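# just need the structure, nothing else, for what follows:
(chains A, B and C)
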Amino acid sequence: MDSKNSFVDEDLLKRVPRWSKYLEAKLGFRNHWYPVKLSSEIGEDQLATATVLGEEIILKRIDGKVKAIRDRCLHRGVRFSEKPECYTKNTITCWYHGFTYKWDDGKLCDILAAPDSKAINRKSVKSYPVEEAKGLIFVFVGDEGFDVPPLREDVPPTFLDDDMCVGNAIYPVDSNWRIGAENGFDGLHVYIHRTSSLVGDTQRSLPIGHLSDVAKVVLYEEPGNPKGVDDIFENHISVWEGKVEGQTVVHGVKRQTNKPSRTTATSIWLPGVLRVDNFPDQGLTHFEWYVPVSEDKHLYVCNIGKRVSTEEEEKAFQHEFWNRWKPISFENFNAQDIIARKALQHYYKNDQAWIDEMLIEGDAPAIQWRELAHRHARGIQKPENL
Amino acid sequence: MDSKNSFVDEDLLKRVPRWSKYLEAKLGFRNHWYPVKLSSEIGEDQLATATVLGEEIILKRIDGKVKAIRDRCLHRGVRFSEKPECYTKNTITCWYHGFTYKWDDGKLCDILAAPDSKAINRKSVKSYPVEEAKGLIFVFVGDEGFDVPPLREDVPPTFLDDDMCVGNAIYPVDSNWRIGAENGFDGLHVYIHRTSSLVGDTQRSLPIGHLSDVAKVVLYEEPGNPKGVDDIFENHISVWEGKVEGQTVVHGVKRQTNKPSRTTATSIWLPGVLRVDNFPDQGLTHFEWYVPVSEDKHLYVCNIGKRVSTEEEEKAFQHEFWNRWKPISFENFNAQDIIARKALQHYYKNDQAWIDEMLIEGDAPAIQWRELAHRHARGIQKPENL
Amino acid sequence: MDSKNSFVDEDLLKRVPRWSKYLEAKLGFRNHWYPVKLSSEIGEDQLATATVLGEEIILKRIDGKVKAIRDRCLHRGVRFSEKPECYTKNTITCWYHGFTYKWDDGKLCDILAAPDSKAINRKSVKSYPVEEAKGLIFVFVGDEGFDVPPLREDVPPTFLDDDMCVGNAIYPVDSNWRIGAENGFDGLHVYIHRTSSLVGDTQRSLPIGHLSDVAKVVLYEEPGNPKGVDDIFENHISVWEGKVEGQTVVHGVKRQTNKPSRTTATSIWLPGVLRVDNFPDQGLTHFEWYVPVSEDKHLYVCNIGKRVSTEEEEKAFQHEFWNRWKPISFENFNAQDIIARKALQHYYKNDQAWIDEMLIEGDAPAIQWRELAHRHARGIQKPENL
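Residues are numbered from 1 along each chain as shown, chains lettered A, B, ... in the order given. Okay, the predicted model is just below:
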């Protein structure tokens, strides 16, 4: 890292003035909320670690609330998690010299090997605001003094609705987070899903391509609300037959049925989260986050939501989630996306690729996303923060 | 890669003005022909992949002729070979969005997920001229618009002769290609071969060193013909005894025999191919290519040729090749060279080594080779082509 | 390496003007003596290899004396040790072309494959002065023409005393050498040792922290003598209880005994060697070297010394060393230090960490050490020497 100011060469950034901040955000955007764990992964009094935007953090649930601080002692930089020492409920002690910090605010409150040090009560390890919602633990990766916005500004509309019942899973993926985001939002990549078991299981229609009318893409840029790009499928021309040299060689699946059988829209929101309406089936909503971990890794946080009005409906949905949607949607349909992202990473790991790529008309929504992110991201992760 | 213009530091290049292009050619020389596969490795309708000068390519044999294009979709850069889709004989389709290219010229002829894109028929993936000769598949790694010279300009004289029957094998080696070239052309390195089983098997003579008379090295630099350096052994002083502190400690093998029992010359040719006359035995010719793959890998393409005039002679030579020369020459004698190259790579992987090395009189032919390559190579592989 | 002048970014070096040479010495200080092998590891006529300050060397014992030269042929840079050829007692021959060097001074005395080369008797491979003392083989890693100081200037006082009987062992550690040095000299890190079996085994006292009075640290900077920093424990305030939020949570071990039961001082000396007085037990002295191997590896050379006056005492100590101190002190107590160093390396591998760390009052001796090393080191290892 040393004295570099950016993860990406400045000459390349100048080539894309309308989305240079997106190109620069190889490790993500600062001052945003990111989900890093399932709620079920951290029980009362339990510790967990995560890496987000390249920052190693350690988390603990205390009296039901999850706390998060940087997993790095101020003194000599070792990780608390190498050998955690928790002598009181509200503190964590570094195994190396006994530097002890409050979980609440990261304040250095004691040093066991040096109880009279002037550093005590004057220094603090970075602490991260935490919110928990819909079975996910979100942390805010922010600059010092940055005014923390409410979680609702950083999630897709409807996700936090009271009647939205959600099933979750997290998968680590070996690609940059932007690769995940662009693969997910890409209306053309449905081509790879024609072989998924989900198509037969749901008896739904699935074309082999969507041609977006970029003029009809809807941008959400209102202050105080989530910022996103919504690509509504009724504005699309769907492609049902793939032809090579004039001959049809690949077919989409078009059902003759009375039931509405199509996904209706895909929207992408800062800091990198997708919403797919009426997917994997009518009346369900799929959400997926691409949480930056390192230059070549992201957490793929998948969620399926359904509106419920009774406890029975909620139970029924949870049963359906575990027995049907998790295996067939996340681990069959979305697993195809994971394979694609690894393949893309081979190319895009070279920053020059973002200049050399040859996008086409159907990629216009992706460009809208890059530019929106450039305009509204609250900050860029920099080497100096690692 | 980003915005670098060279694989090698410019300050070092300035130190060797007479062969700076050779030092710079860490990934080889552009606009030359390179063998990448045995003909037998690609049957009709079969696909294969190779990496040459750092460029990943995919090959297919169609109606007997091998075609080669870059193994990278123009759109999002994924490799076709990750999951090849070949719907028609003349095309390959990218698994990601159905971008379809002609094998002949690389033209983008269809996009299955976006059949109306303006990119169709306007863009082409890089295609590589291919020639097949003597059981090898050669590709031309060239700049756009570069006038492709005939294969015969890039192989050693006699290799393509009609009566030359050739046996081939390819071995991957973990060293830079120039290490391979200089090890092969080095008249002194015969020292390592004194222990090879080939010496006993052929009952030939093998000194422990050759002292080249550099004034008598022959340079081939005529326009339109192969460019090379020929080191003729009758101009050498051979060393038969190795002495340490005045005492003989190592002996070469000098036969008393009527049969001519010596290799007669070693010559090296652009873009990096050696010819050894009357080796591994009288009347045979050994050829070997050092094909750049990456900074620290090359393909070692080995060939033994014999002039034949009847089908029986050809069959007899093929039998001899598989039963004698491949095991005893390639896989015993030349295997010693592979070990040496890996050992050299440990030093020469640091570009500074090319400045620090301490060459002696017997290395003069190697310098002739570096300078000839500098004068006549048709281009240098650059980071921007990867 | 290429044309870099330093292993560390110059902007960072400017940030610590009083110890910039220490920060720059990522691969150690040149023109100093370093132990690289136990005497017992190289028998008569035996070869051994070692890497010190990034330089690969090869050693041989001849008529009882150990010789050392660079393990890299002048000609093409291959390592002699890949396939050593030793035709005479006083020479080593390179397996590649028969370049033969004298062990005494590294002079190129013969070339088997080129006996008439002018290079013979004019060139020399780098040779390293060697001294053997107290069961260790020391080499001097020096600049050409540098006047070699006596070994006694580069070891802690008392180590070479005639009546000092020493037991040794060497452990490779995956951290930079400076991490080893600072962990060893750190008076606070005793916190990690409270769980070591050594405490019970010796029935000694062990506090959980030492607060050094930096004004009383003693600096040794006299010309011609070892340069070091001595931190005497009677000037310390010892910490026996560790408190968190006012409650005692960790205890040191304080014995009620007539026998003196405390370590009395820790001193650190150039080029990176610690002495611990009255450790692991009263009347014993512990020495430990941190020998730079690469940016992220060092040799941890451990010694325990005892003054003896008879052969029986010596035998008794050797027995005690193997049966008690090696397992319980090196391989239990010091093994805790090795774990800590690996943990520190994760942070300090980034050079910026040396700027970002947050040292406290008790770390003042470490700063004294950095500054003393900056003032008195005889040179810095540079990329150009590798």
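
# what is the subsequent helix or strand relative to the helix or strand of chain A with the lowest mean pLDDT?
Here the helix or strand of chain A ranked lowest by mean pLDDT, DSSP states H and E is strand A:209-211, holding a mean of 86. Helices and strands here follow DSSP states H and E; after strand A:209-211, the next one along the chain is strand A:218-220.

# and that following strand, what's buried?
Applying a neighbour-count criterion of 16 or more other C-beta atoms under 10 Å in any protein chain shown, one finds residue A:220 buried in strand A:218-220. Quick note: C-beta positions are derived from backbone N, CA and C, even for glycine.

# so what touches it?
Here strand A:218-220 makes contact (C-beta atoms under 8 Å, 6 or more residues apart in numbering or on different chains) with A:226, A:227, A:228, A:229, A:230, A:232, A:269, A:368, A:372.

# and the first one, what does it touch?
The neighbours of residue A:226, taking C-beta under 8 Å, 6+ apart as the test, are A:152, A:153, A:154, A:155, A:156, A:157, A:220, A:269, A:270.

# recalculate using a threshold of 10 Å.
For residue A:226, the contact set (C-beta atoms under 10 Å, 6 or more residues apart in numbering or on different chains) comprises A:152-157, A:159, A:220, A:267, A:269-270, A:273, A:275, A:376.

# mind checking which of those are buried?
Going by neighbour count (16+ other C-beta under 10 Å), these have A:153, A:154, A:155, A:156, A:159, A:220, A:267, A:269, A:270, A:273, A:275, A:376 buried.

# sort out for me which of those are in strands.
Taking DSSP state E as the definition of strands, the buried ones among the contacts of residue A:226 contribute A:220, A:267, A:269, A:273, A:275.

# any idea what the first one is bridged to?
Residues in a beta bridge with residue A:220, per DSSP bridges, are residue A:228.

# quick check: it vs chain B, distance?
Distance of residue A:220 to chain B, computed by C-beta to the nearest C-beta, to the nearest Å: 26 Å.

# next: the third one.
Here the distance between residue A:269 and chain B works out to 22 Å (C-beta to the nearest C-beta).

# identify the residues contacting that residue.
A:153-157, A:159, A:181, A:220, A:226-230, A:275, A:287, A:289, A:369, A:372-373, A:376.

# near chain B, which residues of the stretch 1-150 of chain A show up?
Within the stretch 1-150 of chain A, the positions near chain B by C-beta under 10 Å from any C-beta of the partner chain are A:8, A:9, A:10, A:11, A:12, A:15.

# got the contacts of residue A:226 as TSV, with pLDDT and distance to residue A:322 columns?
Converted to TSV, the contacts of residue A:226 look like this (pLDDT from 0 to 100; distance: C-beta to C-beta, whole Å):
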residue	pLDDT	distance to residue A:322
A:152	98	28
A:153	98	31
A:154	98	27
A:155	98	23
A:156	98	23
A:157	97	26
A:159	98	20
A:220	98	33
A:267	97	26
A:269	98	27
A:270	98	30
A:273	98	23
A:275	98	22
A:376	98	36
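
# ok, so of the residues you listed, who is nearest chain B?
residue A:267 (20.0 Å; C-beta to the nearest C-beta).

# which residues touch the closest one?
A:156-157, A:185, A:217-218, A:220, A:226, A:228-232, A:273-277, A:365, A:369.

# check the closest residue to it other than its chain neighbours and give its pLDDT.
Counting by C-beta to C-beta, 6 or more residues apart in numbering or on different chains, residue A:230 is the residue found nearest to residue A:267 once chain neighbours are left out, at 3.9 Å. If you check residue A:230, the pLDDT there is 96.

# ok, back up a step: determine which two of the contacts of residue A:226 are furthest apart.
With C-beta to C-beta as the measure, no two of those lie farther apart than A:159 and A:376, at 18.1 Å.

# need the per-residue pLDDT for residue A:300.
Note on residue A:300: pLDDT of 98.

# tell me the strands beside the helix or strand it falls within, with direction?
Taking DSSP H and E as the definition, one finds residue A:300 inside strand A:297-307. The pairing partners recorded for strand A:297-307 under DSSP bridges are strand A:164-173 (antiparallel), strand A:284-294 (antiparallel).

# buried residues in the shortest one?
Looking back up the chat, that one is strand A:164-173. For strand A:164-173, burial by neighbour count (16+ other C-beta under 10 Å) applies to A:164, A:165, A:166, A:167, A:168, A:169, A:170, A:173.
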